[in-house]
Structures are given as C-alpha cells and as structure tokens.
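Sequence and predicted structure, then a few things I'm wondering about:
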Amino acid sequence: EDAVDPNAKPGGAITITYKDDVATLDPAIGYDWQNWSMIKSLFDGLMDYEPGTTNLRPDLAESYEIAPDGKTFTFKLRQGVKFHNGREMTADDVKYSLDRVTNPKTQSPGAGFFGSIKGHEDVAAGKAESLAGVTVVDPYTIKFELTRPDATFLHVMAINFSHVVPKEEVEKYGADFGKHPVGTGAFKFAEWTLGQRVVFERNPDYWHKGLPYLDKVSFEIGQEPIVALLRLQKGEIDIPGDGIPPAKFQEVMADPEQKARVVEGGQLHTGYITMNTTMAPFDNVKVRQAVNMAINKDRVVQLINNRAVPANQPLPPSMPGYDKEFKGYPYDVAKAKALLAEAGHPDGFDTQLFSMNTDPNPRIAQAIQQDLAAIGIKASVQSLAQANVIAAGGDKAGAPMIWSGGMAWIADFPDPSNFYGPILGCAGAVPGGWNWSWYCNKDLDAKAAEADSIVDPAKSGERAKMWSAIYRKIMEDAPWAPVFNEQRFTMKSPRMGGADNLYVDPVHIPINYDNVYVTDVQ
Amino acid sequence: MTSPIAPDLPATGRVPARPRAGVWRRLVKRPLALIGLGIVAVVVAGAILAPWLTGYDPNEQMFDGLTLEGAPLPPNASFWLGTDLLGRDLLTRILFGARTSLIIGIVANGVALLIGTLVGVTAGYFRGWIGGALMRFTDLMMAFPALLLAICLAAVLQPSLWIVAMVIALVNWVQTARVIYTETSSLAEREFIDAERTIGASASRILFRHILPHLLPTIIVWGTLGISTTVLLEATLSYLGIGVQPPTASWGNIIFENQTYFQAAPWLVFFPGAAILALALAFNLIGDALRDILDPTQRGRA
Amino acid sequence: MIAYLGRRVIQSLLILLGVSLITFALLYLLPADPVQQIAGRSATPETVENIRRQLGLDQPFFIQYWHYLTSLLSGDLGRSYIQRSEVTELIISRLPASLLLMVGAILCELAIGLTMGLLAAVRRGTATDQTLMVASFVGVSAPQFVVGLLLLYVFAVRLGWFPIGGYGTWRHLVLPSLTMGILGAGWYARMMRSSMIDVLRQDYMRTARAKGLARGAIIFRHALPNAILPVIAMIGIDIGIFMGGIVVVESVFGWPGIGQLAWQAIQRVDIPIIMGVTLVSAFAIVLGNLLADTVAPFIDPRIKLR
Amino acid sequence: MSKGAGNKRTGVFAPAVSVTAGPVLEVSGLTVSVRGEDGEREVVSNLSLTLARGETLCIAGESGSGKSMTALAIMQLLPQPAARIESGTIRLRARDQDDTDRGHIDLAGLDERRMRRIRGDRIAMIFQEPMTSLNPVLSIGRQLVESIEAHTGLSRAEARRRAIEALKAVRIPEAESRLKQFPHELSGGMRQRVMIAMALALKPDVLIADEPTTALDVTVQGEVLELLRDLQREHGTSVILITHDMGVVAEMADRVVIMRHGRMVEEGTAADIFARPQADYTRELLAAVPRIGTGVGRQKSAEQKSVEAEMPGSVAVVNDLHVHFDLRGGFFGQVNRRVHAVEGISFSIAPHETLALVGESGCGKSTTAKALAGLVPYHGDIVIGGRNLAGLGRDQRKAVRRDVQMIFQDPYASLDPRMRVGDLVAEPLLIHGIASKEERSQLVAGLFERVGLSADQMELYPHEFSGGQRQRICIARALALRPKLIIADESVSALDVSVQARVLDLLKELQREFGIAYLFISHDMAVVENISDRVAVMYLGQIVEMGTRDQVFSNPRHPYTKRLIEAVPVPDPAKRRPRFARLDQEIPSPTRKIGEQPPKLALKDLGNGHLVAVS
Ligand SMILES: Nc1ncnc2c1ncn2[C@@H]1O[C@H](COP(=O)(O)OP(=O)(O)OP(=O)(O)O)[C@@H](O)[C@H]1O
Ligand SMILES: Nc1ncnc2c1ncn2[C@@H]1O[C@H](COP(=O)(O)OP(=O)(O)OP(=O)(O)O)[C@@H](O)[C@H]1O
Ligand SMILES: [Mg+2]
Ligand SMILES: [Mg+2]
C-alpha cells in the first residue's frame, strides 16, 4: 500500500485537455492514449504498479500465490472493496470480467493477452461462454489455471483489460457501458458531454484510505495542443494531455519559469525503422545492417529538439532486460556502403519509406531519407494517414520500410516480452498483423516461450538476461533499425503538487490522477 | 461580285482597312496589368531557373541550417529567407516549390475552371434532360465529400503531382459549374440570344461566341480566387498522401508543414504565403484588366 | 411550387442515395482495414476474424450496403467501430455546434464580403478598391489554421476579449466564425464586386439616377438585389466548402462539431461515422442548394422555378 | 389625371401659370465628346438652345445626330466612362431656395449631390429604350412610389395613390393591380407608359422626353401627348421632346430644333419650319415625311405579276394561331391565369407582298412575330414555303429558318453587346457558309451603306450607336441572308424620317428585285399606308379587320380601325388638333382566368377579301 503523502491536502479540481475524443471508458475496449489512464482511475485490477514506477504490487488482490509449475495462480481478494454503485466486489466479478473480455461479442482488442488461460480457445471460438481455467474458490479467492507457465501473467492481471466490472451495470447499459462506466477505482464517473468534457469525482468509498486527493478531475476534449499550451500559460488548465507541442517546445524551455514546471522522464518507447525481411533487397541481412549503420541518430534527435536519446536495441532503457553493454551498430557511412556493395548493391537501390503524416514524423522520415541517400539508397517517402500506413505494414508486399513514429505506442506493460510477440515474433508476421518486418525466427520464438515460462519472481534477473540475449540475436539479424527512445516531457500548472515521478508515471499517462494534488486548497 | 447564293443586292462596299488593336497590345498599356504580368513572369522564371538561382539544393538538410537545439534559422546573410525545420534553405525551396504550385494553381485550377464552365454553360443553355442530368450530377458531386475521394485515391494510387492535379480538377469544377449554370440560364433568356436563333446560329455557336464572353467576369473571379485555394488544397491532399511526397517542395506544403510553428518561426509561413498571394493577385490584376478590355462598354476607362 | 418542391425533394433523396452508395463503395475499396484498427496491436488472428464477423464485414459488398441502407431507413446510422456508441447520438451531440458555427460564419462572411464588394464596386478603380482587393486575396490565401491561431492569440490571449477556444456562449462563437468567415469573405467580396460592376452600368441604374434618388437608395434598392443573385447561389455552394474548412477551425478552437468527429473517424477508418457525417453534410448541402434555388425567384421575379 | 393633383404637393414649388420672363433652361456652346478606340470624337458640337417656361421644344433630326446625348448631358447622365462634356454651360433657372445669387444654376459643373436634388424633381427624363430602363427586380409600383417619396414629404399611402393616378393617366389598365407587377410582365408599350408615368408623377419644371411615343400605338400616343399638354397647361412645365415623327412635332411643338451631325442646322417656330424650311436638310426631312392618305398607290407592274405567277402559293400561311402564356400566382405558384396573347389568327403572305400588322400596344403583334420565327411555343399551323414548321427536323428547320428573318422591336436588346456590329451583320453569312472572309466583309460594308451607315462603323460595338443606328444594324443583319420573308417588328419607328424613307425605299426595292415578302408590324399608320399591300388590324390577340391597304384605309369598317386612323397626327402645325380624343371605356386586358375563353370573333367577307369582325 502506498503511503499517504504528508504534504498533500485533499480537495480541489484539475483540468486536463486532449485533442482527440475519448472513445470509450469500458476497460475491456479502451485502448487509446487518452482513455488508457482514465480507465485506470475508474477501475482496478488484481494487480497494479507502485505509483511512478514499474514495480508490480497487488491491488484488488491482497496477496497471490504461484504454484511451482508456474501454471496456477491463486489470488486472495481484498475485502470490503465497493463498486461505485455501492455493491461489494467479489471473486465472481473478477471471473465475469475475464469471461467478458475474452468473449468475441465484446470485440475486445485485448482478448489476445489472455491466451494462456485454460479454456481461452473455446471462448474465443464462441464454443464456451466461460473460461474453464478461472475458478471462484470462495467470494474472496480466485484461481487461474494456465496452459503454459506465463511470466507475464501478473502484468496481464494489471492491464486495463483485466479490470473488474460489475455485471449488473454492464447488463444495464449493454453496449453503452463504456459511456456509463462503474468500477472500484479512486474516481467515479460523473459527467460526459460528448465531444466536450468528461468529469470524474472523487470516490469517497475508495478502499485505499486517504486517496485520492483531488475532488474532481475534468478532461476537456478537442483541444489543439498549441491552444492547450496557451491556456496552460493563462492558468486555465493544469495539464496539457498531449504534451508540449513541438512548435512550442523551445519557447517553453527558454523561459525559466515555464521550464521549471516541466517534468522529464523516460518512457517505454522505441522509435524504429522496420525493413521487410521478405522483400528484396531487405531479405539480405547485410542490407539491413547497412541501413542500421547509415542512420545519423544524433541528427534525428536534434530535429526533435533533443527530446529523445539515440537507441541501439529494441528495448527502451527503463525496461527490464535492456542491455547496457550492447553497443549496437555504429554510425558509419563508409562501412555501410561497403556492406551494401558486399550485398551486391554497390550503387544502392530504389525503395520506399512509409511514415505517418503527423509532425514530426514526416520530418524524421526525410532525415532518414537523406541518410539513406548518402549510402546510395534512394527511398521515396510515403507520408500517409495512420490507417494507411498500418494497412501497408500488415500487407506482406506492402511496405519495404516503415518509420514507426506515431504508431508504435508505448508498451502495454513493463515487460520485455511485450516488445517481442506482436511486433517481432512469428505470431505478428501475418496479414493484418503488426510485425511489419515480417521477421519470423522460430528459434527465437522458442526461446521467448522458454523465458516466459520462468515465473518465479526470484528468477526475474535470469529471465531478463534471456530476453537480452533474444534481442541481441534480433539485432544481429537487424529486421529493425532502432532510432531513438522518446523522453516524456509533461508540463503542469504551478499549483500542481506531488512527486515528480507521478508526472512521468510509466503506466499512467500523462499523469497519475490518483496520487497528485493541488497546493491551493484551503 | 456575283456569288450565286450570296445576296448580291447591296453594292459591295468599301471595307475600312483598320487593324484592330490586339488584346495583348491593350493589356500591356495598363500599368496594373503590367505589374501582374511582371509578377507572373518572375514566378515562372524563378521556377524554371531555380537550380541556377541559389547555391543550395532544395532538399539538402544542412548541418549549419539548424541551431543545436534543432531550431530553424531566421533570414540571414547565408540563408536569405531563413531555413526550415530540417535545416534546408527556404528560398531555394520556395523557388523549386513554384514548379509544383504553378502546375496546381494554373493547370489544375484551369482544368477545373474549364470543366466547370463547360458543364455549367451546357446545363444552363440546354434545359431538357441534358441540363437536368448534368446539374443533378453536379449536385451529387457537390454533396459528395471530396476529401474522402482524395483519401481513397491516395490509398489506391501512386502519389504524384499529376494525380493531385487531377483530383483537384475533379473536385473543384463543381462550384464553378453551379455559378456558371445560374448565370447562363439567365443569359439564355436575353433577347439577343433569341435573335441568334432566328438567324440559325447553332447551339455551339451561341454558347461559345455569345454566352461565354458574357461569363468572362465570373470566370475571372473564380479562376483567380481558385489559384490560392487550389495551391492550399494541394498541401492538404499531399498531407493525406496523394500529392507530391516529401521532400519535394510546394508552396502549400511548406505552409502546411510549418503552420504550427508560425509563432516560433514566422518566416516559414510568411514567405510561401506571400508567394501564393502574389501569384493570385497577379492573375487577378491581369484578369481585371482583361475583363475591362474585353468589355466594350468599359472602353475609354484608363 | 408544391410540385416543384416535391420534385426537388425526390431528386435530393436520389442524390443522397447516390452519395451513400459511392461513399460506401469507396470505403469498401479502401485498403485500410477497420478491423485491424479495432483489434489493436496485440490481437491474435482469431480475435481479428471474430471482430470481422461480429461487424458483418466478412459479407459481400452489396449485402453490407443493403444492411446499411435498410437500417438507415429506420433511422439507424449504426454503431461506431472505435467510439463504440450510436452514430446518431454522436452526430446529434455535435451537430448543433457545427450548425451554429456555420450560421456564424455565413453571417460573418456575408457582412464582411458584401460590404467589401459593394464598396469596391462603387469606388471602382480607386485606392479603396485596390486595398480591398488585396485584402480579399489575403483572406483567401491565408491558411485557416494560421488565421485562427493568430486571432486567438491577439484577441483571446493578449486582449482577453474572447475565451481561448471552447463552446458555450456567443463570445465563444465570434473568433471561429470570423476565422471561417475571412476566407469566404474574400470570395464574396470578389463576386459581389464583379456582379455589382455589371449591374451599375445597366440602363435601369441610369433611370434610378434620373429620378434623383439618394445614393443609398440607388445602391441598396436598385443595384443590390440585382447584384446579389449570383451571391445567393454561392451560399448553397458555400455549405460544401465549409465542410472542408470546418475541420481545421473546429480543432483550433476546440469547437465540438462534426468536423472533428469526421477527421478522427477518417484517420481511423471508423466507417459508420464517416458514412453518417457524409450523409449529414450531403443533406446540408442539398438543402442549402434547394434553399438557394427556392429563394432566387423571390429576389429576381424573372426566374421561374423549374 | 385628376385635376388639382398638383396642389397636394407639399413641396415649396407652387405652380405659377403665368410665364415669367427668361428661359427656364439655357444651353450654350455645349460640346460633348466620346472616347472611342481611336481617340475622342465630338458627338454634340457647340449646341445652344433655350427653353421658355411652358414651352414645348421639339428636337428632330438625323438618327445619331446627338439628340439623346444632348438630353443626357442636361441630366448629367452621359454614359460613363466614355462620354463627357467638353465645354459649354447648361443653366437652369433657380428657384428661391436654391443657394445661388445669380438666379440660375450651371448644371454642367454641379456636384452629384446637388444634381440629385434636381433630377426627377426639376428635370425629369423619359429614356429612349423602354425595355431596359426599368429595374427588373422591383415592382413597377415600388419604382413609381420611391421617386415620389424621394422628392416630396408624402406618406407611403399618399405616394401610392399618386402613383396609381399617374398610371391611370397613361392609361394602363387595372392600374392598381399593376403596381404589383414586374417589368418583364408588361409589353413594350406598357413599359414605356410606366416610364412616362414615373416622369410625370412629380410634375417637373422641365421634362425631357426622348422618343416617348415610339413604342406606342397611335391611340395611346395621342393620349400621352395630351397628357404632356395637360401638364404644361396646369403646371407650366417646359418640355423638350425628341422625336422623329414629324406628325408629333407638328402637333406639339412651339419651337423646333433640327439637328444633324451633332450640330443644330435650323431653329424656328413650328409653323415657320414646316412652312418655310431654310436648311436643305430640313427640306429633305420634310419631303420624306410619310403622309396618310397621300401614300402613292403601288401599282403592281406587269413584270411583278409575272414573277408572282411563277411562284404560286404563299411564302407563309398562318392558320388558327394561338399563343398563351401561363401566369402563376397564389402562394403555391400554381397556374391560375393565362395571357391569351394570340387567339386564333389566320393570314397568309404571298411573295412580293407586304402584310402590315397594326394594333394597339399589347395586342399580340410581337408575339405573333415570335411564333413565326419559332421563338415561342404555339398551337395551330405555320406553313413556310409550303412546309409546316411543326414536324420538321433540326436541319430542315435551320434551312427554313434561313428564309424567315426577324427584326426585333428593341434593337439594343437584340444585339449581342460584346460583338462588333460588323461581325454581327456578317454572322448570318458565316453561319450559312456564304462567301469567303473578304467577300463577307465587302458584303457587310455594302449592307451598311445600304442602310445608311458608314463602313467605318463596322468596328464599333452596339452601345456606341444611337437608337436609330442600332435599328439599322438590325435591318442590315436581317437582309444579309436575303430571306423570303422578313418580319419587321417596329423596325422603322426609331428612325428619323429621312432614313426611314431610305430604309422603306430599300425594303421596297429589295422586294421588287427579289420578291421578299414582309410582315410589317407597326403602329405608325402613315408608314403602314406607305408600304403595305394588305393590312391586318389586331385587337386583343385577334384580327378584327383585314384587307388591302385601300380597303382598310379608305373604307375602315371596324370601329377600332376607324379610331386608329383618326388618331394619326398630321404633320402640319396648321391642322393641329386642340385635343386628342380620349377613350372612355376601360382598356381591355388579354389575361383571363384558367378555363375562361375569350369570345371568338367571326370574320365576314365584305367582298374582295375585305374581312371584318362581326360581334
Ligand atoms: N457610349 C457611346 N460611346 C461612343 N459613342 C456613342 C455612345 N453613345 C452614342 N454614341 C455616338 O454618339 C452619337 C450621338 O448619339 P445619340 O444617341 O445622341 O443620337 P440620337 O440623335 O439620339 O439618335 P437616335 O435618333 O437614333 O436616337 C452617335 O453617332 C453614336 O454613335
Ligand atoms: N413572356 C410573357 N409572359 C407573360 N405575358 C406575356 C409575355 N410576353 C408577352 N406577354 C403578354 O402578351 C401580350 C401581347 O404582348 P406583345 O408583346 O405581343 O404585344 P405587342 O402587340 O407587340 O405590343 P407592343 O406594341 O407594345 O410591343 C401582352 O399583354 C403581354 O403583357
Ligand atoms: Mg437617341
Ligand atoms: Mg411588340
């Protein structure tokens, strides 16, 4: 349990802005930048992370037990936790929630996370209504049986998709539950004016005494980031949810008063270039390595106002399994040229580089384009809307190279496996999948499965090493050219209080609403 | 003279031998039109001679073109109009961008104007089912979201300048057609059109020799205003992926890429904006002068 | 009149049907897959297939269109793929804002544009005329995003006369309307000037002057109604043009209209929303044209409704 | 017009009936020039004239001699930007309240604001082109009322009453309901009368009337002239009357000014001018005046007869022609009334023959012409050159159309204002592929000379011509194709008598040479008598009398025909009538409710083809 911040004063309200609409607050469905952490404040799962960190800890569960074979997890639930409608949450609700999220009728984008639970296939195929592997032992005990040992399972129990919903409310609102969310979280849903505003109120019955501090959190929707920053400067809002727009970044950092209100932190993000390993000439590993050596990452970082650090491997530095020793490919044009020549392309070749069309991605793509030109690769930039780039990537003959910026969002949970399965593993290398390099290494798939079967928390160091080895091997094959890891810069109003790491919480983005407070309440 | 069919009734008369002062000659007598022609000439020359006018490559991202924090440089001695967010020389990009923008603003816009005028005139003059069908088609096109068409084309076709030009022509004729239609249908009611019918003038002759000249003022207004809007529309379409792709410059996409930076780096929006404005204004000056010259009742106006 | 309106309404319905068919077909042909968007990054192929079946997207085109059309007839625009709520509800919640903005913008551009055009025509050839011409071209050539931000910066941030974006009171409406109006005003000014110049040299203007009428009466009573006709036709067209500009202006000013909804939907291939917004805007355009055509004979009695 | 209407005027102007000494208007040394493609050209040179109170000054003269320009210069309404006053003064006698100490105001230098107060109130003008001078989008009531309101302090209701009076005064039927109508719903003559009503409503000091009765039939013309006289008698209004009709000059003028080439060639009292013309041009003019009853009989020569025999049958046969216009009304705009513009007329025209169609304004003459030219939908049969127009294909119709040419009533409206007149006249030749380019321009130059224009003018645009000149351009255009039938709708009414005579001679000559037939629409009975072989009198869309010229003119049998002939003004000041006869019955209207049929008149043959309607 978190300690209550002695400096915090309860009360007050804050306002956060977003550009895009909040789609739904249904935890089984919401998967956006905007609603991800909003859902986290309305609902709880069995597990959670310590505020501001990536350290797992029980949440609705009081404790858990993992069987030695790593295939059975038993959670003991906290007693007296109440839904916002006043009813107590029990193990039946946990089971109902998991049955619901895996049921195809729910159309949950997260159903795949629960693939290791016994009976998942039947539910996914519509043959069963209920997961065979989830058993309610008693109202405060729930048991999960898996088909294989799964080291990520505790993380899975912390992601939004496994958050607990009350059956009666879901049935009451049906498909509109996402617009009338009822959970057990620190805040309860108060008001939603479509397209304009969502308001949360403090949940007085929150099981964690003393939290949250704020009485009210309002989200204003449809606000252009530049205008949001103007409003922040005028003191009308507290947090610009989409961050500091690139066009304003220098202005903010040049002003000491504003700069002081900026909090910087790492995030679980890597920006990379995918190369389609099934497409000539990228089916030649030397070509891919040449590309890796051709990119002037410092220059790219400079272009985005140094808001990132150059990357040399898929995992971001704050992720367990990140290999500090690994040096990756150096920036070496001559060597890159030589490699290209070895691969049979002394004069380079023509290709295409896809990129999403929102600033700064087309600019980054152009910088990459220039770097590639230096070794003779003439890449034409295809700057398209997100949906088109994603479609091209999911088509085996669609895109030779893709710059991932803007689409490869932050990790779902802080675990090295999260960077592998869908985007580098064989499972993602299917039409409509997200493995845009179409890189499929059966060996590594096996190794990954092996690593993920190390469930014992005590062996997490060993597991991280295994993952490091996997990513090292991947870098040898070079299906990606990692470019940078983005840093987060959150800006807040002067009255916002709380530890800095709450403002760059790796899980709650942009901020952890449950633990921050305002300093100007009486 | 004794042509068998010709009415040899009147004694053939003495024909005055007086050359008609050409439109061009009268145009260059007007100072405002001259300014307009001058601007167009400068833009066209700039577009053609772009490679020889500045020492830079339009696409070269120069190391000294950005500050260490990655900010573009304001106008200075080595970069006369400053640099852009990638450290490229803005002047060079504007000169090269003129090629794209001239094609869009003049060719695409011109084709749109042409289609719009033809459809509008035909529909306005032929009342029956031809006119009805054309106008309903126009209404359909107008009600149809052009942007969607653009996006779908973007996804299906290889992006190129000519495709964006085609799309612009395809969506921009609609408004012109409707305005021309309204005017044509009122012109068609005028008595001199009746008079043309009685001498057996064919429909095409009436349309092109008698109705079209009266539509000129409207065509000029729509044509010149269309320059700005199409040049800007090109940027939107390119953004959606059907036009020129980076790093090719066009005035529209220079503005579009940089518009959020207009406070931090105003030159990035101001100069290409001024170029669009100058081009549109220049054509307007020429158009206004033409309109006066071709309108006989305005003769004598300086 | 009733027969005319009846005929036009039927034609309009056919146009809407055409628009819906073409849009639906284009979206069908679009190589972006909405299911991929819904399913997200971690979805297994089974999940993707399940969702596709749930949404009926595995059906052949005409069956899908037929389903859409039949539910459309019962007033059901379907359910958004991404937002997961009724499209009807989403559109209804945002339509008033867009309509309000449209009305504000039309008022702005008429007020600015007609005044400018009138003045320029009357003062033809003078410095006033030239200045107004340049001004109208600036209005047309300036990117709306920049105009909007500039207005916001000057009048809201610096001077504090208006709120910094948002929706609610008339003060919220001023700046967005102005931003949209400035573009249109340029067009109206040029149109107005052109048709006014034409009217000013008609014989009946000489008659009006020969009667010794006041200048105001000559211009407003005699010239204006004649000159405004092409402008009326323009208002119908304008609604179509709005649909393009509304996205930018709504996003700059945080205006909760359908432009923002449409833009997000397009980015994410949310077909039911795209269809819904397309139909609503097509309806507005058709209505605008119908209105313009119906009003014209009241201004110029020579025009007959056909 | 009711007597004493003028007393109701609240303005300071009290009508002084006694003629005070000194002219009301004095023009001296007026020079007007226009700028064309090749420099400036004087169109009025050093013109001086005076106008006394209560006097009628007639300006007559050659078409294009600068009469209209003089009038426009006085009003300060010269066409912009081409024309301007180069020199001269135009002095209007001041009223007491005018802020000038010299007793007069020089209009030539007056600013627009003060000029505005003078226009309409002190000097009113009736323009030459009736079709385009009214604002198409305002009801005629509105247009009348506003000018009354602009210069008097009358209430709207009062002004409306005054407007109705004015309309009644120009004998517009159903004056009250006409207030709601729009100009395009009126016939040419009616529009002209509305213009007159507008000028008269304010009872100005000076009234300038530029061809005010050209578009009117003689009976209405008589009434309008009578009205002008009334006004003069009651208010001492001075009138400048520009006209070609020497009959009107003789009836109306106190003094006469004859103009030619922008200069005054002669001035004098009406009696003097008619009795003892000094200048050659004046003599020429007077000699050319067609006089009713003196029209030289046209004996058909043996030669002509033989041509006729060679070409049996008629050029055009019209049988039971009906033309209706539907009027929409009521809230839903459904058809509720119908104009029976042409109601079952039949006639035929033989080669070499001129059929004149006469009748009052609005009786359906132009509509008949348009039906023949294929411009309005009709019922009945029109057979041209033996071929029924109905049921012809496009190409055939084009061929037939070549044989029928029309000269429109309003020359300005029927010429494309953006084409050079030379090209306009050459156009029919071009369309039908006649002659090469050079031959064409020679032919056109020849045509120009034949209608009394110079070949130099081929390069000009329609608006650069005077009303009469435009009329001649239209004639030249119709002649270009040497058609079998020419429909001439009021084609010579805008021409000065000398040109008129020349054109009439030309028409006759062409007829002699090529056997062209004419359908000649006119209300000038003298001209009709001069040119026609047969005459048809129309009334309310039907023919009431038809026969040879002699039958109709020497033996008119229908009362309406009789009245028409009686109303013709005689070009002799000595025979001036004290008063024109007033019509006492309501002026009938061809508009009827749907389903209501107008009574059909039966025609009775009085012998030798003299048909008269019997009711
Ligand atoms: N807008 C113009 N521009 C150039 N020349 C013109 C213009 N209007 C008239 N003219 C010329 O001025 C001369 C005088 O014209 P005006 O209209 O005064 O003749 P008019 O005596 O009234 O003739 P009519 O009896 O035929 O009406 C004519 O030669 C004509 O060609
Ligand atoms: N387009 C029309 N719509 C309705 N009524 C019309 C139309 N054209 C003509 N009329 C009416 O038809 C009748 C005959 O008109 P027409 O023009 O044939 O008269 P006209 O004999 O030529 O008279 P004028 O001598 O005055 O020219 C008039 O009452 C007129 O108001
Ligand atoms: Mg005249
Ligand atoms: Mg007529």
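Looks like it arrived, so ask away. On a predicted model such as this, the values are computed, not experimentally measured, just so you know. Numbering: from 1, shown residues only, chains lettered A, B, ... in the order given. Ligands and ions are numbered 1, 2, ... in the order given.

Near the closest residue to D:Met525 other than its chain neighbours, how many other residues are there?
Spatial nearest neighbour of D:Met525, excluding adjacent residues (Cβ to Cβ, 6 or more residues apart in numbering or on different chains): D:Val568 at 4.6 Å. Quick note: C-beta positions are derived from backbone N, CA and C, even for glycine. By other Cβ atoms under 10 Å in any protein chain shown, 22 other residues sit near D:Val568.

ok, D:Val568 touching D:Ala526?
Yes. Look at D:Val568 against D:Ala526 with Cβ atoms under 8 Å: they come within range, at 6.2 Å.

how much space between the residue nearest to D:Met525 and ligand 2?
16 Å (Cβ to the nearest ligand atom, to the nearest Å).

so that residue sits in a helix?
No. Using DSSP: H, G, I helix; E, B strand; the rest coil, the secondary structure at D:Val568 is coil, not a helix.

Roughly how far does it sit from chain C?
Distance of D:Val568 to chain C, given as Cβ to the nearest Cβ, to the nearest Å: 30 Å.

With C:Leu73 as the reference, measure out to that residue.
73 Å (Cβ to Cβ, to the nearest Å).

Strands along the stretch 51-200 of chain D, start to end?
D:56-61, D:83-93, D:104-106, D:123-126 (DSSP state E, counting those that start in this stretch).

how far away is D:Leu357 from ligand 1?
Per Cβ to the nearest ligand atom, D:Leu357 is found 24 Å from ligand 1.

ok, the helix or strand containing that residue near ligand 4 or not?
Assigning secondary structure by DSSP states H and E places D:Leu357 in strand D:354-359. No. Between strand D:354-359 and ligand 4, judged by Cβ under 5 Å from the ion, nothing touches; the nearest distance is 9.7 Å.

Can you list the low-confidence ranges for chain A?
A:1-3, A:408-409, A:522 (pLDDT under 70).

longest single strand anywhere in it?
Ordering each strand of chain A by length in residues (DSSP state E) puts strand A:480-491 first.

Do a quick rundown of the helices in the stretch 201-306 of chain C.
C:203-210, C:215-216, C:224-227, C:229-252, C:258-267, C:271-299 (DSSP state H, counting those that start in this stretch).

Of those helices, which is nearest A:Pro360?
A:Pro360 lies closest, by Cβ to Cβ, to one member of these: helix C:258-267, at 17.2 Å.

And chain B, is that closest one touching that?
Yes. Residues of helix C:258-267 contacting chain B under Cβ under 8 Å from any Cβ of the partner chain: C:Ile266.

quick one: that helix to chain centroid distance?
In terms of Cα atoms, centre = their mean, to the nearest Å, the centre of helix C:258-267 is found 15 Å from the chain centre.

swap in stretch A:370-388?
The chain centre lies 26 Å from the centre of stretch A:370-388; the measure is Cα atoms, centre = their mean.

Now do it: distance from first to last residue.
23 Å (Cα to Cα, to the nearest Å).

rewinding a little: got a list of contacts for the strand holding D:Leu357?
Residues from elsewhere that reach strand D:354-359, judged by Cβ atoms under 8 Å, 6 or more residues apart in numbering or on different chains: D:217, D:347, D:349, D:365, D:368-369, D:507, D:511, D:517-523, D:525, D:528, D:531-539, D:549, D:564.
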